[in-house]
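Undergrad: model this:
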Amino acid sequence: MFGFILRRLAVAIPTLLLLIVLSFLLMHAAPGGPFTQERALPPQIIANLNAKYGLDEPLWRQIINYVWGIVAHFDFGPSFVYPDRTVNQIIAAGFPVTLTYGGIAFVAAVLVGVSLGVSAAIRQNSWVDYLAVGTSIGAQVLPNFVMAPILVLVFTLWLGWLPGGGWGGPIYWIMPVVALSTSFMASIARITRSSMLEVLGSNHIRTARAKGLSESKVILRHALKPALLPVISYLGPAFVTMITGSVVVDMYFSTGGIGRSFVDSALNRDYAVMMGITILVGALTILFSLVVDVLYAWIDPKIRY
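TA: Below is the predicted model:
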């Protein structure tokens, strides 16, 4: 297992470095610059700003300094729009909010989705199966950009039960969690049902039943673990998407997460913040892809190669 992890790290680390370099190059290739405005600044002010942020240096030196700052100090540099704040401070202010409702949404989506999928599979063609499949289909066609305004309309404007925005106690978490987790829950339920049906028809399940094991033991001990393999492969990128938040959720519910920071940085040409958030999401994607590979190897040792 240790050698398996080292082989995956040998691929993940260069991929992360490539992501950093590509993000830097793409941002610098964008039309205009971080100080481009409707009313052009005097050339001397532009020159002073470029010198302050190191943008007057050769491109290769800028790349080396930027990569070294991230790798050695986890420093994404200063913001171009807020001179008194760094990119790290902006991310640190929004990421805990996003991590809170994203983590809760992930747990809720996994628990409900796996439960629906397993229940539908073991009671195939029953009313439980039809109800689970219908719920999954209904949730699948309601992505967060549709669910969010519906929740605000019903529970805030019509019923007045929940606050429509802001960030505070648990009551503020309910609608962002529901809006973010609904479509993921539907996908997890669909994948779990299909995988469980395939596993339940395999030879080792028929052998377990022939030995006289109870149905609960057959499901929990022999069927659930292999059935979760396709689910785990989906959970890696899904988890990153949830804990890094959704632009739609942050915008509709004004949570103050990093999704709002990303939109503001794009509108204000704050390329440093855009690169920082992009690299953070990419690094988390690589990290949890590694976690998924390790879980795969733990569940099914045959894939350790």
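Undergrad: work out the gap between whatever helix or strand T135 lives in and the centre of the chain.
TA: Under the criterion DSSP states H and E, the helix or strand holding T135 is helix 127-140. Its chain's average C-alpha position is 25 Å from that of helix 127-140, according to Cα atoms, centre = their mean, to the nearest Å.
Undergrad: output the contacting helices and strands for it.
TA: helix 87-122, helix 174-200 (3 or more Cβ pairs under 8 Å, 6 or more residues apart in numbering; DSSP states H and E). Where C-beta positions appear, they are placed from N, C-alpha and C, glycine not excepted.
Undergrad: and F74, which of those is closest to it?
TA: helix 87-122 (7.4 Å; Cβ to Cβ).
Undergrad: out of the helices and strands packed on helix 127-140, which comes closest to M242?
TA: Per Cβ to Cβ, nearest to M242 of the helices and strands packed on helix 127-140: helix 87-122, 4.1 Å.
Undergrad: tell me the pLDDT at the residue lying closest to V112 once chain neighbours are set aside?
TA: In space, and not counting its chain neighbours, V112 is closest to M185: 5.0 Å by Cβ to Cβ, 6 or more residues apart in numbering. As predicted, M185 sits at a pLDDT of 91.
Undergrad: may I have stretch 150-165 as PDB, with CA atoms only?
TA: Written as PDB, here are the backbone C-alpha positions of stretch 150-165 (Å, rounded to 0.1, in the frame of the first residue of the first chain):
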ATOM      1  CA  ILE A 150     -37.200  28.200  -5.400                       C
ATOM      2  CA  LEU A 151     -36.100  27.700  -1.800                       C
ATOM      3  CA  VAL A 152     -35.900  31.500  -1.300                       C
ATOM      4  CA  LEU A 153     -39.300  32.100  -2.900                       C
ATOM      5  CA  VAL A 154     -41.100  29.400  -0.900                       C
ATOM      6  CA  PHE A 155     -39.400  29.400   2.500                       C
ATOM      7  CA  THR A 156     -38.400  33.100   2.800                       C
ATOM      8  CA  LEU A 157     -40.900  35.100   0.700                       C
ATOM      9  CA  TRP A 158     -44.000  33.000   1.000                       C
ATOM     10  CA  LEU A 159     -43.700  31.200   4.400                       C
ATOM     11  CA  GLY A 160     -41.100  33.400   6.100                       C
ATOM     12  CA  TRP A 161     -39.600  30.400   7.900                       C
ATOM     13  CA  LEU A 162     -36.000  30.800   7.000                       C
ATOM     14  CA  PRO A 163     -33.700  33.700   6.400                       C
ATOM     15  CA  GLY A 164     -33.000  34.400   2.700                       C
ATOM     16  CA  GLY A 165     -29.400  35.300   3.100                       C
END
